[in-house]
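Asker: sequence and predicted structure, then a few things I'm wondering about:
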Amino acid sequence: MDRTLVRKNTAQLYVRYQRRIGEASRADTVRVAWWLLQYTFGVVDAEDIATRAIRTMRGKSETAFAARCDDWFQTDVVPHVSDEARRTVARHRDSGDLCAIVTGASRYSAEPLARVLEIPHVIATELECDDAGLFTGRHVPPLCYGHGKIERTQKLAEERGFALEEASFYTDSISDLPLLEVVKTPVVVNPDPRLRRVAKKRGWRIEIW
């Protein structure tokens, strides 16, 4: 999703939105930028960062957060949805391919994009909720990152009757190397430096959206 379907990283867009409405400080913006820099170079401890970020959601209403993400998406994300992404998704859809967003972000960030692009499936990091509809501050394992993306995507493949070895997968990040190595058609889009080197070495398609 980030830096592929959307030209920017949605976490960065969200913290900018929070700062605009007075819910985030300059320090929050810098901290997210630092995390994203580590992510870009594949040196991030994703589990630790996700745990810390998700902990801040404890006690918040799932319904209210989903509504907020819908509003944020319209104002801050839609302008960054890639035209080439729209064309690529439409081409796969018109060919009868099953389409899914596979992202380390939460489904509250991804589902508004899925609706705009008419993508029927979202595979994302799941946030745990209690019986009252409040976030517990924990995620439902596995985190949708690295090998966790394979595990979560494999569940959809089994439900829908296809094999990952027949699929195409688009990504910008070296953290997605495990899933890229499984699918039939790996495509790197706006790749980070490490992924670009791997893609050139292996002859994978590189696209700039």
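Answerer: Alright, I've got the coordinates.

Asker: going forward, measure contacts and count neighbours with C-alpha atoms only.
Answerer: OK.

Asker: and the strands in this structure?
Answerer: 100-106, 121-129, 135-140, 168-171, 185-189, 205-207 (DSSP state E).

Asker: each with direction, which strands does the last one pair with?
Answerer: With DSSP bridges as the test, strand 205-207 is paired with strand 185-189 (parallel).

Asker: of all the strands of the chain, which one is nearest residue 62?
Answerer: The closest of these to residue 62 is strand 135-140. By C-alpha to C-alpha, the value is 6.4 Å.

Asker: give me the angle between that closest one and strand 121-129.
Answerer: If you take axes from the mean of the first three to the mean of the last three C-alpha atoms, to 10 degrees, strand 135-140 sits at 130 degrees to strand 121-129.

Asker: quick check: buried residues in strand 135-140?
Answerer: 135, 136, 137, 138, 139 (16 or more other C-alpha atoms under 10 Å).

Asker: CSV for those, including pLDDT and distance to residue 47?
Answerer: What follows is the buried residues of strand 135-140, written out as CSV (pLDDT from 0 to 100; distance: C-alpha to C-alpha, whole Å):
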residue, pLDDT, distance to residue 47
135, 98, 18
136, 98, 17
137, 96, 14
138, 95, 11
139, 95, 10
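
Asker: tell me how far residue 170 lies from residue 52.
Answerer: 28 Å (C-alpha to C-alpha, to the nearest Å).

Asker: the more surrounded of the two?
Answerer: residue 170 (22 against 13; other C-alpha atoms under 10 Å).

Asker: bridging residues for the closest residue to that one other than its chain neighbours?
Answerer: Of all residues not flanking residue 170 in the chain, residue 187 sits nearest, at 4.8 Å (C-alpha to C-alpha, 6 or more residues apart in numbering). Judged by DSSP bridges, the bridge partners of residue 187 are residue 170, residue 205.

Asker: so what pLDDT did residue 187 get?
Answerer: You'll see residue 187 listed with a pLDDT of 98.

Asker: spatially nearest residue to the residue nearest the centre of the chain (excluding sequence neighbours)?
Answerer: Nearest to the mean C-alpha position of the chain, by C-alpha atoms, centre = their mean, lies residue 103 at 2.7 Å. Among residues not flanking residue 103 along the chain, residue 124 sits closest, at 5.0 Å (C-alpha to C-alpha, 6+ apart).

Asker: give me every residue that touches the residue lying closest to residue 11 once chain neighbours are set aside.
Answerer: Excluding its sequence neighbours, the residue lying closest to residue 11 (C-alpha to C-alpha, 6+ apart) is residue 32, at 7.5 Å. Residue 32 makes contacts with 11, 12, 15, as judged by C-alpha atoms under 8 Å, 6 or more residues apart in numbering.
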